[in-house]
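> could you look at this predicted model? Sequence included:
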Amino acid sequence: MSYPHVFQPLTLRHKTLRNRVVFGAHTANMAQGGLPGAQHIGYYRERAMGGAAMIVVEPMPVHPAAVLTRGNFSPETDAVIPAFRAVTEAVQAEGAVILQQLYHVGAHGDQDNAWHPAWSPSGGLSYHDSDGSHAMSEAEIESTIGGFVLAAQRCQQAGFDGVEVWAAYHALPDQFWTPFSNQRTDRWGGSLENRTRFSREILHRIRRACGDDFIVGLAVNDEPDVPAALGREALAEVIALHDAENAMDYVTCGSGSYFDFYKLMPTFLYPEKLTVDLAQTLKGVVQTAKVTSESHIRTPDNAEDILRSGQADLVSIVRGQIADPHLVNKARDDRAEDVRGCISCNQMCWGRRSRDYWISCLVNPSAGREWEWGGDRFEAKGKGTVLVVGGGPAGLEAARAAAERGFAVTLAEAGAALGGQFRLAGLQPRRGQITDLIKWYERQLRQLGVEVRLNTYLEADEIAAHGADHIAVATGSLPDETGFQRAMTHLATLPGLSRGRVWSPEDILTRAARPGPRVIVLDEGGNWRGCGTAWWLAEAGHKVTLVTPDAMIGKELARSAADFPLRKRLAGLGVAFVTESGIAEWLGNGGGADVVCLLTGEVTRIGADDLVLATTNRSVSGLQGDLADLGIGATLLGDAAAPRMAALAVHDGRKWALGLT
């Protein structure tokens, strides 16, 4: 076995875990009317079916003040019990242990969603928004502790094997622990014993209420970069006190906090295995509790390294099992090369959750749709022939999924390599996980017997001659050559284009362009297309000015918690930021561009040798019309249907393949 430490069983209370991999708590945001339903059942059952040993279901608010999202479960009602029993029974039938996380975010509640004042130890400020909070009275503290206990009892009645109390990320228990947020002078503040009284009371009362055959965990976090947060030594002292009283069976270590949200779900801008230092520190002080390392543990190799080194007893792989719910079983069967790797982009998991939608996944569009698509499996078989024209993300997924369903598939790609523009994105700094994903597709297509034809540009008559039963046109998109800017609709074409030295991100990343020392990048999208290209140029030694009509650089990346770390990188490389501005005219010949401030109309001349236009592409979709003229039906997928992000292209490919009959 390639992963002997991963597949060692471990006993927690009355349950023996079949391996050391946890599918940790995260807000899937799928509740309807405050209750879990078919979408939840499908989502969690798929990960249990895929081999996860323990699943910690997303947080249950323990009090009305704790409600954080539209998809939160209803607090303080027994109506959740039968609904959750359907979830627990489905997961347990697949051999996994199932817990639920209980939470209260204290000062950081979303009062627009909760319609309740946020409660905190000392009336501290929210780091979720600009609101303040209410300093809890003694009676309100007791009421909140009681809310945790009643929630745990409902979990037990619903069939959960235990609960995990959320003290991470400066949640309410952590707010009591941390002197920054706890300035109380009563028995709930001051000394370590007083500051930990709240959490210890919660854990002990849950144990008394639910008995010995019930797992109780505690979630904490590592936040070494924020002085106000507890350091590792201070947190170790807190955990040692809890452990000495046998208050919990395990402790889970996450990263980031409401102080620094970007490390909560770290993108590829951060190193992997972010919490091994904290996990190792806590393992050095606990006598009975097990320690789980969580945060940016993407792969079975990551997991084996942590467990083999003794840095933790368990590992929590969340986004990795969103991307491939069968990751654990594939590793068990020595098929790690078949694991579809998370690319740490956050575009559809946190990116959707940040907008208060239910979560999904760029590389696995079945995430969140298991209940309607039959999981990340292909049990509904078909037969016949399929031709996919175009080997970008939409074409790759369409070809793979159709082949998985039993169709004989041919994939024709006009270029010399698969991946389309997605391959170019993988050339941007630190985005090699995209390249790894394309290699995964190549392996899967070989294993499935897909005929891949590179350097094959097909005309409509050639497609007709192929005679496929089903045809997908996934021919992608090309850069818009007009230089049109959304904020400057009076300019159908950017003045000065004919002067030359104007490029697209594709030109830069394919090295078709050889830009001079000074480059302006116009970023219309606020995403990786422009920002990642600017980063590539800056790392290559160019002096880059990044111009955007938005109020901040990387506006669209804010939804994936990548914007601030990226701006920090760009600033460190000397990239100049010009916001709320557009290009009035390109002067060429080294003269740069006239840049207009959209707020004042003031025009500033910025010197540059080259201009890169990261504007929205135009679809290449004419092939569908040519086929229609021949009486042949074909479906447009991905950018050929409309220029969009890769996640929607992959979704298009999977959905089309599933609909084939």
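The structure has been received and is ready for your questions. Numbers count the residues shown, from 1 in each chain.

> what's the neighbour count on residue 483?
Neighbours of residue 483 under the rule other C-beta atoms under 10 Å: 22. In this view, the C-beta of every residue, glycine as well, is placed from N, C-alpha and C.

> can you check the pLDDT for it?
Confidence at residue 483, expressed as pLDDT, is 95.

> that one contacts residue 499, doesn't it?
No. Applying C-beta atoms under 8 Å, one finds residue 483 not in contact with residue 499, separated by 11.6 Å.

> any residues in contact with both of the two?
Shared contacts of residue 483 and residue 499, defined by C-beta atoms under 8 Å, 6 or more residues apart in numbering, comprise residue 586.

> residue 521: how many residues sit nearby?
Residue 521 sits with 29 neighbouring residues when counted by other C-beta under 10 Å.

> which residues sit in contact with the residue nearest to residue 560 when sequence neighbours are not counted?
The shortest distance from residue 560 to any non-neighbouring residue, by C-beta to C-beta, 6 or more residues apart in numbering, is to residue 346 (3.7 Å). By C-beta under 8 Å, 6+ apart, the residues touching residue 346 are 265, 267, 319, 560-562.

> kindly report the same for residue 233.
Counting by C-beta under 8 Å, 6+ apart, residue 233 has contacts residue 281.

> again, only using 6 Å
By C-beta atoms under 6 Å, 6 or more residues apart in numbering, the contact set of residue 233 is empty.

> with just CA atoms, put the helix or strand it falls within into PDB.
Using DSSP states H and E, residue 233 maps to helix 232-244. Taking only C-alpha atoms (Å, rounded to 0.1, in the frame of the first residue of the first chain), the coordinates of helix 232-244 have been written out as PDB:
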ATOM      1  CA  ARG A 232       0.800  29.000  19.100                       C
ATOM      2  CA  GLU A 233       2.200  28.900  22.600                       C
ATOM      3  CA  ALA A 234      -0.800  30.700  24.100                       C
ATOM      4  CA  LEU A 235      -3.200  28.500  22.100                       C
ATOM      5  CA  ALA A 236      -1.200  25.400  23.300                       C
ATOM      6  CA  GLU A 237      -1.700  26.600  26.900                       C
ATOM      7  CA  VAL A 238      -5.500  26.800  26.200                       C
ATOM      8  CA  ILE A 239      -5.700  23.400  24.600                       C
ATOM      9  CA  ALA A 240      -3.500  21.800  27.300                       C
ATOM     10  CA  LEU A 241      -6.000  23.000  29.900                       C
ATOM     11  CA  HIS A 242      -8.900  21.600  28.100                       C
ATOM     12  CA  ASP A 243      -7.100  18.300  27.500                       C
ATOM     13  CA  ALA A 244      -6.100  18.000  31.100                       C
END
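
> let's have the chain start at 27 instead
Yep, numbering from 27; the last one is helix 258-270 now.

> which positions in it come out as buried?
Buried residues in helix 258-270, counting neighbours by 16 or more other C-beta atoms under 10 Å, are found at 258, 261-262, 264-265, 267-269.

> just give me the closest of the residues you listed to residue 470.
Proximity of these to residue 470 (C-beta to C-beta) peaks at residue 258, which lies at 41.4 Å.

> do you know how far residue 183 is from residue 639?
In this view, residue 183 and residue 639 are 60 Å apart by C-beta to C-beta, to the nearest Å.

> these two - which one has more neighbours?
residue 639 (26 against 15).

> next SSE downstream of the helix-or-strand element of the chain with minimal mean pLDDT?
In the chain, no helix or strand scores lower on mean pLDDT, DSSP states H and E than helix 137-140, which sits at a mean of 86. Following helix 137-140 in sequence order, the next helix or strand is strand 145-146 (DSSP H and E).

> which residues are contacting that next one?
Contact partners of strand 145-146, identified using C-beta under 6 Å, 6+ apart, comprise 91, 132-133, 159-160, 162, 201.

> for PyMOL, what selects the buried ones among these?
Selection of buried members from these for PyMOL, criterion 16+ other C-beta under 10 Å:
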select buried, resi 91+132+133+159+162+201
